[in-house]
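Novice: Sequence unavailable; structure follows:
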């Protein structure tokens, strides 16, 4: 069949008109996603006593673990009270370091200095050495996971480079070995390289992009969840958006304004934290959901599903976070929890905990639970001159940092205000909720 010239031109004009319509719709959709406004609700900060209690315990646990590593690194095998006197703020303690060391005799053995009898010294006990040996075995057995976590963190940054001074504070949260520079970075030259940053500081960089790592925790959980499997398949086809799991404090979920706001937020397209976000309007709702997704992914990579706000602040530019990104944590209390415990600000991923315990504890988290068990034994029975620990006590299974009875097993929440937690726009609508907790 041969088309006449005028018929061909008519068909071509019709096709071009159809294509122009599609392009116009695509531009309108993109414009809509960039400037659409959702009625935001200004929420009061809610205190969760269960998570606060975990943060309180793990502050001492982390300090004891860092001191254990410092003693192990020491050429003499011990530390003097004079050498650790200025470490209180560095360790996040509210008491002097000397008092803290004496509080846990099951981990730290005190003895006088060989040359200066009045100078207290501290070495590791047999129980602490045994726990450290188990920790090294876990690091070796899960080395592939360590490499993957560090690679994912680098893949979320703009330049694929992080200064060591920003990475060292995150070492405990990310479950990195104490000597990760040698045991991980130098051992895997196909993944990492050491270089100097633009400011002259030593940095770790990603050698190449690993596509198999560029799948977020939210995408993996949606794909593996039987109920959400169809939703994830539709998401991969671009037909739907992935929804964040939410667990609201008591009273929030039933609020109509909060519910409507969250429904609109969940309908926004999900932006993977491993995608380039530089083309998104920084002031758009789409960028805000991208920031929520990135913070969700970063916390998912941590061992205890939490970290300090200041650690994230040191990576703010590299992660392309807004200047006042703290408001994200209080604006979405169903996803995050912001704690002011222990004179610092800690952000926690709510879905990582259930009834005061980690939902899916990493083997390193279980070992840290044993470490805390040994600490508590020394605190309870110190000064009695008896050895209450045997090697078998350090190998107890099923002990978790978040284990306990009483208030630990109950999600207690208390409504309070805290101006230092959040800074919101004056145009945000505010919902006042009164506490119904005792």
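Specialist: Alright, I've got the coordinates. This one's a predicted model, so the numbers in the text were calculated from it and none came from an experiment.
Novice: Could you verify that residue 188 is part of a helix?
Specialist: No. Secondary structure of residue 188 (DSSP: H, G, I helix; E, B strand; the rest coil): coil, not part of a helix.
Novice: For stretch 83-101, buried residues please.
Specialist: For stretch 83-101, the buried set under the neighbour-count rule, 16 or more other Cβ atoms under 10 Å, comprises 84, 87, 88, 91, 92, 93, 97, 98, 100, 101. C-beta coordinates here come from the backbone N, C-alpha and C atoms, glycine included.
Novice: Which of the residues you listed fall within helices?
Specialist: For these, the ones inside helices are 88, 91, 97, 98, 100, 101, with DSSP state H as the criterion.
Novice: from these, which single one is nearest residue 256?
Specialist: Comparing these against residue 256 with Cβ to Cβ places residue 91 closest, at 45.8 Å.
Novice: can I get the ones in helices among the buried residues of stretch 83-101 in CSV with distance to residue 350 and pLDDT?
Specialist: Supplementary listing: those in CSV, determined by distance: Cβ to Cβ, whole Å; pLDDT from 0 to 100:
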residue, distance to residue 350, pLDDT
88, 31, 93
91, 27, 92
97, 33, 96
98, 37, 96
100, 30, 95
101, 34, 96
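Novice: which one of those sits closest to residue 139?
Specialist: Distance ranking of those against residue 139, using Cβ to Cβ, places residue 91 first at 21.6 Å.
Novice: The closest one contacts residue 61, doesn't it?
Specialist: No. Because the distance of 11.2 Å does not satisfy Cβ atoms under 8 Å, residue 91 is recorded as not touching residue 61.
Novice: residues near residue 201, how many?
Specialist: When counting by other Cβ atoms under 10 Å, one arrives at 11 neighbours for residue 201.
Novice: got a pLDDT number for it?
Specialist: We note a pLDDT of 91 for residue 201 in this prediction.
Novice: just checking, it touches residue 164?
Specialist: Yes. Using Cβ under 8 Å, residue 201 is in contact with residue 164, at 7.3 Å.
Novice: for residue 203, phi and psi?
Specialist: Taking degrees, to the nearest 10, you get phi -130, psi 160 for the backbone angles of residue 203.
Novice: Checking residue 129 next. Helix, strand or coil?
Specialist: Applying three-state DSSP to residue 129 yields a three-state assignment of helix.
Novice: Kindly report the same for residue 68.
Specialist: Taken by three-state DSSP, the conformation at residue 68 corresponds to helix.
Novice: Equivalent analysis for residue 169, please.
Specialist: Under the three-state scheme (three-state DSSP), residue 169 adopts helix.
Novice: and the residue nearest to it when sequence neighbours are not counted, how many residues sit next to it?
Specialist: The shortest distance from residue 169 to any residue that is not its chain neighbour, by Cβ to Cβ, 6 or more residues apart in numbering, is 5.1 Å, and that residue is residue 311. Burial of residue 311 is recorded as 19 neighbouring residues (other Cβ under 10 Å).
Novice: these two touch, right, residue 311 and residue 170?
Specialist: Yes. Shown here, residue 311 and residue 170 form a contact pair, counting by Cβ under 8 Å, at 5.4 Å.
Novice: can you give me the strands in the stretch 1-150 of the chain?
Specialist: If you assign secondary structure with DSSP state E, counting those that start in this stretch, the strands in the stretch 1-150 of the chain sit at 41-42, 46-48, 79-80, 108-112, 120-124.
Novice: Hmm, I typed the wrong one, I wanted the stretch 151-300 of the chain.
Specialist: In the stretch 151-300 of the chain, the strands defined using DSSP E, counting those that start in this stretch lie at 161-163, 192-196, 202-206.
Novice: Would you mind measuring from the residue nearest the centre of the chain to residue 329?
Specialist: Centroid-nearest residue in the chain: residue 299, 2.3 Å away (criterion: Cα atoms, centre = their mean). Per Cβ to Cβ, to the nearest Å, residue 299 is found 10 Å from residue 329.
Novice: Equivalent analysis for residue 247, please.
Specialist: Distance, residue 247 to residue 329, using Cβ to Cβ: 14 Å.
Novice: more crowded one of those two?
Specialist: residue 329 (23 against 15).
Novice: would the more buried one count as being in a helix?
Specialist: Yes. Applying three-state DSSP, one finds residue 329 inside a helix.
Novice: So which helix or strand of this structure has the lowest pLDDT on average?
Specialist: Within the chain, confidence by mean pLDDT, DSSP states H and E is lowest for strand 429-430 among all helices and strands, at a mean of 36.
Novice: Sketch out the low-pLDDT regions of the stretch 101-250 of the chain for me.
Specialist: Judged against pLDDT under 70, the low-scoring parts of the stretch 101-250 of the chain cover residues 224-240.
Novice: I'd assumed residue 347 was in a helix, is it?
Specialist: No. When classified by three-state DSSP, residue 347 is found to be strand rather than part of a helix.
Novice: Near it, how many other residues are there?
Specialist: Look at residue 347: counted by other Cβ under 10 Å, it has 23 neighbours.
Novice: Please give me every residue in contact with residue 149.
Specialist: Residues in contact with residue 149, defined by Cβ atoms under 8 Å, 6 or more residues apart in numbering, are 174, 175, 301.
Novice: In a markdown table, list the residues you listed along with neighbour count.
Specialist: What follows is these, written out as a markdown table (neighbours: other Cβ atoms under 10 Å):
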| residue | neighbour count |
| --- | --- |
| 174 | 19 |
| 175 | 24 |
| 301 | 20 |
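Novice: now these in CSV, with distance to residue 80?
Specialist: Formatted as CSV, the entries for the contacts of residue 149 read as follows, by distance: Cβ to Cβ, whole Å:
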residue, distance to residue 80
174, 30
175, 30
301, 36
